[in-house]
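J.: Pasting the sequence and the predicted model now:
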Amino acid sequence: MAKPGINLAALFIALAAPGHGAWAQQADVQAAPPTGAEAVNISLSDYAFAPATLNLKAGTAYHLHFTNAGTKDHDFTAREFFAGSQVAPEDQAKIKRGTVEVEKGKDVDVTVTPGAGNYKVTCTHFMHSAMGMHGTITVQ
């Protein structure tokens, strides 16, 4: 006959394993795009944006989901792009001087409706752009 303490210990180990438990589920939660906004996932890593080129449509709402998959803090700096876009009121504070900061291991969500144009994107952290962390946004 099995001892009840052993079964409880096995249950605790199973619940504490990666992918189980309330805290593990919270880590996977990302903000849902607002109704009508098209989701765009942008990964920031050491030292690249993926995708490095975005092709968007002017006047269309986009929910930009930035994920820092790198080992350092990164940013997504596109001053002219953000200046030429309508940013959702609840997301305006996340953009400072055309930059979205994304700490290591964190996500940031921003909803924008861009204006037409060709825009440059860089990470402004020391030497990150020179090591390949740059890209373009084309809005037609």
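T.: Cool, got the structure.
J.: which regions of the chain sit below the pLDDT cut-off?
T.: Within the chain, the ranges that satisfy pLDDT under 70 run 1-35.
J.: element containing Phe81?
T.: Here Phe81 sits within helix 79-83, counting by DSSP states H and E.
J.: What strands flank the helix or strand following that helix, and is each parallel or antiparallel?
T.: Counting by DSSP H and E, the next helix or strand C-terminal to helix 79-83 is strand 85-87. Strand pairing for strand 85-87, determined by DSSP bridges: strand 107-114 (antiparallel).
J.: Not counting the strand it pairs with itself, show me its contacts.
T.: 30-31, 33-34, 37, 56, 58-68, 81-82, 84-88, 91, 94-95, 100-102, 137, 139 (CB atoms under 8 Å, 6 or more residues apart in numbering). Where you see a C-beta, it was placed from the backbone N, CA and C, and this is true even at glycine.
J.: neighbouring contacts of the helix holding Phe81?
T.: Contacts to helix 79-83, defined as CB under 8 Å, 6+ apart, come from residues Ile95, Arg97, Gly98, Thr99, Val112, Pro114, Gly117, Tyr119, Lys120, Val121, Ile137, Val139.
J.: Perfect, I'm done here.
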